[in-house]
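[1] curious how this folds, go ahead:
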Amino acid sequence: MLLLLPGLEGSGDLFDALIEELGPRFDTQVVRYPAACYSYADAEREVRAVLPASRSCILLAESFSTPLAIELAAKLPSAVDALILCNGFASNPLSGIESMMAIAASPWFFHIPLTTIAAQTFLVGSDAPDGVTETVQRTIAPVAPATLAARFGAVLRCDAREALQKLAQPILYLYATRDRLIGAAGVNQILRLRPDIPIERIDGPHLLLQTQPRRSAEIITRFISTAVPAPT
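    Numbering: from 1, shown residues only. The predicted structure follows:
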């Protein structure tokens, strides 16, 4: 089973293109965070609720969900065979000054509708495939500003660095070279803690799995086929 953990918006609907490219080779399941999921503790309960009881799985976590995936893999080593992190982080990826500015701005920032310019600048790029910008806007729009702000606050407080250093499972990091939201801060943070983790650099924006689903699927499939033994 390949368990997909979503980004900040939490619906999981933005995984559709990746799932289509992965095809039937995996038993793919999407975790969906409800509106009342405000913290990583809330999100962890949602993930645990869908973890299979009789077999292990692979976690693929995007951005917001990456520190949670790291923590779960450390807590449940027999349940998680491998970990794939996409544009993620183990702790707050912002600097001290950036964090203070973000905390001050977040109460009103998430009340502003996501414009096409903002979506293309920070999330999907100006060369996003047809319809992707609109899909992202349509998916994020229903999420309450208070929910987005609470989850963003959880990002600023998260710390999965100790858990990351303990992990024995195979790990892959997908890094979008044109990520203007987190930039290189996340991948550099991961590499300082675990220089052994392979990094796959893909030309794309922050929402890599949505804008480069075919390339992402190819890399994910290759990683799983080599890192995770086939069931007997």
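
[2] the helix or strand bottoming out on mean pLDDT in the chain: what's the following helix or strand?
    Within the chain, no helix or strand scores below helix 96-109, which has a mean of 54 by mean pLDDT, DSSP states H and E. Next helix or strand after helix 96-109 toward the C-terminus (DSSP states H and E): helix 116-119.

[3] just the pLDDT for the residue nearest the centre of the chain.
    Here the mean C-alpha position of the chain is nearest to the C-alpha of residue 62 (Cα atoms, centre = their mean), at a distance of 1.0 Å. We have a pLDDT of 98 for residue 62.

[4] just grab the bridge partners of it for me.
    residue 86 (DSSP bridges).

[5] ok, it - contacts?
    4, 5, 6, 7, 86, 87, 88, 209 (Cβ atoms under 8 Å, 6 or more residues apart in numbering). Where you see a C-beta, it was placed from the backbone N, CA and C, and this is true even at glycine.

[6] the fifth one - how many residues pack around it?
    Okay, so that is residue 86. 28 (other Cβ atoms under 10 Å).

[7] got it, and the third one?
    Here the count is done by other Cβ under 10 Å, and residue 6 has 23 residues near it.

[8] swap in the last one?
    Residue 209: 28 surrounding residues under other Cβ under 10 Å.

[9] tell me which element residue 77 is part of?
    Per DSSP H and E, there is no helix or strand for residue 77.

[10] wait, it touches residue 168, no?
    Yes: with contact defined as Cβ atoms under 8 Å, residue 77 reaches residue 168; the gap is 6.6 Å.
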